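Novice: sequence first, then the predicted structure, then my questions.
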Amino acid sequence: MRIVIAGVGAMGCLLGACLGSVADVALLGCWPEQLTALRRDGLRLEHPDGRVTRHTLMVASDATHVAPASIALVAVKSRQTPAAAQAIAPLLSAGGLAVTLQNGLNNRATLRAVLGDERVALGVTAQGATVIAPGVVRHAGHGPTYLGRDAALGPSQLAYLHELASLFERAGLETHVVDDTDGLVWGKLAVNAAINPLTALLRVPNGALLEHEELVAVMRRTAAEVAAVAAAQGIPLANDAADRAITVARATAANRSSMLQDVERGAPTEIEAICGAVARAGLAVGVPTPLNSRLLDLVRQLEAGQPPVQPGDVAGLVALLNITEGKAVEVIDSIAGVRAIRRQQGEATLGFVPTMGYLHEGHLELVRRARRENDITAVSIFVNPTQFGPTEDLSRYPRDLARDLALLRAEGVAFVFTPSDALMYPPDFQTRVLVGGVAQPLEGARRPTHFEGVATVVAKLFNIVRPTRAYFGQKDAQQTVVVRQMARDLNLDLDVVICPTVREADGLAMSSRNKYLEGQQRPAATALYRSLRAAEALWLAGTRDGEALREAMRAVLAAEPLARVDYVSAADPATLSEWDAAIPPGAGVLLSLAVFVGRTRLIDNFLLPDGEPAGE
């Protein structure tokens, strides 16, 4: 039996060492220091009973150096799942099985999009492992592993699942094959959400959290949010999630969480797959998750080199997490009402997020940044009819004001402006804002009145709200260029701030229109992200030919039968003029595309400065 393990971190090495005694195992990874140490010295494994053993592991950084396998175990960080899926796809035999043993949600879906539903199983392990130094792993504690007997598995995959369980048992790892692992995954997610972000922010081991009643309270509330989101999806957690988090922290008191270790070595954390996944799932089912959302925001700041608190500053962290029920967000539906509240606010800076409602995590990221950078934050919710063409989806556009207000209340928004069509466009309305060249290609060429509607409504909102800063997402790349051009041309007294695109775990850019995707359309929609990645890879390899970049995107999209291309573009980020052959030295490129998946038209983009990866 040949097994390939994607991941050379603590869990990958632990599994490799244990399974290496009963099977032919190879590890595939991209952590240079770890690979070097494993090749040079082998693995030093420190056992829970104090023993130390050494293991020679077959490790590789390139799938071409790994023999085909019947089983693949995926033990990489969630952000690496798309790359891991591509790496193991050519290695896995036709009837082979891939099992994800990762933290977070959506890893199974990401693997299935590449490998097929019948070849991917979900697993959960309570085995504890931590990297002490490159080439040195501590087996922090024994716990059961559960492998899911998913109904989608094919006959050969099901046979491999039971064979894998047998191999785990022979290797000394308690293992159970179960019919449903969803509850186990959510239970582990609750524990991770309650422990890992706090340890990373304070830079302390797990047990230190239990020394402060305020932190224990935060842990309980964070885990309870996860349980509430799971319950809303029909997944009741078998045990009290909050109690479980406390028990695990006590049992692993000396452990330094994987998130803390990532922070210490300057690596990206799994906050997106843990608290980020909870926040996104909460949005989908209408369950507010203020603590998970706030922890997500704080760890992102930490990753960006801007620690929100100093190590060990429990009081400071608790103050930042002091989320109370508070009063309902103030909803204003008149221009006079907005201007009155702005007069009351005096010289306070105001961050403004204009939206069309049906909020998702991308919108809330704009709100959080506005809160960090301003004294007061305001949001508008207005489905602007003038930016929809006669054949577009104005009537279908999703609306849920009550849900949106609950989410904004949890984010601490000062007021929400909800004007009516009649207020914004009274019967005698005659003025339009027309932006020139940058509004004409791409979206402008296909939706001729769109940016006239956008520029007009944004100019009106800016004049009504009078913000210090206004926040827009990079996902609507051409819109950001148009709005900035308008603000410059009209000498508007505000800063237009553009924030990175927020994505699902499989790379799909978040959009209110994603709710229209049905069945296989949802995994098919990841073709947009994959096509951008393909062009980005050429760019980073030195390609400076606009047509070559566009062709790379077209090739990926052509391989997806549910995708129908509207356009692909490789353009000058400032003018939006297409780059043809040679892109001048020092110039960047805006890769963008619009693609129909079913009836749903999706857009996405990467902005690539010369020689830099995409800022997502």
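Specialist: Nice, thanks for sending it over.
Novice: what number of residues lie near residue 178?
Specialist: Residue crowding around residue 178 was assessed by other C-beta atoms under 10 Å; the count is 14. Backbone N, C-alpha and C define where each C-beta goes, glycine included.
Novice: for residue 405, see how far away it is.
Specialist: The span separating residue 178 from residue 405 equals 40 Å under the rule C-beta to C-beta, to the nearest Å.
Novice: ends of stretch 273-288, how far apart?
Specialist: Taking C-alpha to C-alpha, to the nearest Å as the measure, stretch 273-288 stretches 17 Å from start to finish.
Novice: what of stretch 234-249?
Specialist: For stretch 234-249, the first-to-last residue distance is 27 Å (C-alpha to C-alpha).
Novice: ok now that stretch, how far from the chain's centre?
Specialist: Taking C-alpha atoms, centre = their mean, to the nearest Å, one finds the center of stretch 234-249 at 24 Å from the center of the full chain.
Novice: so which bits of it are buried?
Specialist: When burial is assessed from 16 or more other C-beta atoms under 10 Å, stretch 234-249 yields the following buried residues: 235, 237, 240-242, 244-246, 248-249.
Novice: between those, which is nearest residue 419?
Specialist: Within the buried residues of stretch 234-249, distances to residue 419 taken as C-beta to C-beta reach their minimum at residue 235, with 39.0 Å.
Novice: break down the stretch 151-300 of the chain into its helices, ranges please.
Specialist: 155-170, 182-202, 213-232, 241-251, 258-264, 277-285, 290-303 (DSSP state H, counting those that start in this stretch).
Novice: could these be laid out in TSV, adding mean pLDDT?
Specialist: Rendered in TSV, the data for the helices of the stretch 151-300 of the chain read as follows (pLDDT from 0 to 100):
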stretch	mean pLDDT
helix 155-170	96
helix 182-202	93
helix 213-232	92
helix 241-251	86
helix 258-264	91
helix 277-285	88
helix 290-303	91
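Novice: what sits against the closest residue to residue 92 other than its chain neighbours?
Specialist: Of all residues not flanking residue 92 in the chain, residue 72 sits nearest, at 5.3 Å (C-beta to C-beta, 6 or more residues apart in numbering). Remark: with contacts taken as C-beta atoms under 8 Å, 6 or more residues apart in numbering, residue 72 is in contact with 3-6, 88, 91-92, 96-99.
Novice: could you do residue 395 as well?
Specialist: Shown in contact with residue 395 (C-beta under 8 Å, 6+ apart): no residues.
Novice: wasn't it part of a helix?
Specialist: No: if the criterion is DSSP: H, G, I helix; E, B strand; the rest coil, then residue 395 is coil and not within a helix.
Novice: gap between it and residue 207?
Specialist: Relative to residue 207, residue 395 is positioned 56 Å away (criterion: C-beta to C-beta).
Novice: ok, now residue 253?
Specialist: Separation of residue 253 from residue 207 (C-beta to C-beta): 3 Å.
Novice: same deal with residue 397?
Specialist: If you go by C-beta to C-beta, the gap between residue 397 and residue 207 works out to 50 Å.
Novice: swap in residue 246?
Specialist: Distance, residue 246 to residue 207, using C-beta to C-beta: 11 Å.
Novice: same deal with residue 442?
Specialist: Residue 442 sits 54 Å away from residue 207 when distances are taken as C-beta to C-beta.
Novice: the closest residue to residue 197 other than its chain neighbours: neighbouring residues, count only.
Specialist: Distances taken as C-beta to C-beta, 6+ apart put residue 295 closest to residue 197, at 4.2 Å, once the chain neighbours are dropped. For residue 295, the number of neighbouring residues by other C-beta under 10 Å comes to 29.
Novice: OK, contacts around residue 295?
Specialist: Contact partners of residue 295, counting by C-beta under 8 Å, 6+ apart, are 193, 197-198, 201, 222, 271, 275, 321.
Novice: closest to residue 59 out of the residues you listed?
Specialist: Nearest to residue 59 out of the contacts of residue 295 is residue 271 (C-beta to C-beta; 27.4 Å).
Novice: where does the stretch 251-400 of the chain dip in pLDDT?
Specialist: For the stretch 251-400 of the chain, the stretches with pLDDT under 70 are 323-328.
Novice: residue 105 and residue 97: what is the separation?
Specialist: Relative to residue 97, residue 105 is positioned 21 Å away (C-beta to C-beta).
Novice: and what of residue 606?
Specialist: Residue 606 sits at a distance of 34 Å from residue 97 (criterion: C-beta to C-beta).
Novice: for the buried residues of stretch 234-249, which one is nearest residue 554?
Specialist: Closest approach between the buried residues of stretch 234-249 and residue 554, by C-beta to C-beta: residue 235, at 40.1 Å.
Novice: contacts only, for that closest one.
Specialist: By C-beta under 8 Å, 6+ apart, the contact list for residue 235 reads 182-183, 186.
Novice: how about the strands in the stretch 301-450 of the chain?
Specialist: For the stretch 301-450 of the chain, the strands defined by DSSP state E, counting those that start in this stretch cover 330-332, 350-355, 376-381, 415-417.
Novice: what's in contact with the second one?
Specialist: In this case it means strand 350-355. 342, 363, 366-367, 369-371, 373-382, 457-458, 461-462, 465-472.
Novice: most neighbours, which of the contacts of residue 295?
Specialist: When neighbours are taken as other C-beta under 10 Å, the top entry among the contacts of residue 295 is residue 275 (33 neighbours).
Novice: for that one, what are its contacts?
Specialist: When contacts are counted by C-beta under 8 Å, 6+ apart, residue 275 is found next to 193, 197, 222, 292-293, 295-296, 299.
Novice: farthest-separated two in these?
Specialist: Farthest apart among the contacts of residue 275 - using C-beta to C-beta - are 222 and 299, which lie 12.5 Å from each other.
Novice: tell me who's in contact with residue 506.
Specialist: Contact partners of residue 506, counting by C-beta under 8 Å, 6+ apart, are 81-82, 106, 109-110, 113, 523, 526, 529.
Novice: so which of those is the most crowded?
Specialist: Ranked by the number of neighbours (other C-beta under 10 Å), those place residue 81 first, at 27 neighbours.
Novice: I'd say that one and residue 111 touch.
Specialist: Yes: using C-beta atoms under 8 Å as the test, residue 81 is close enough to residue 111 to be in contact (6.6 Å).
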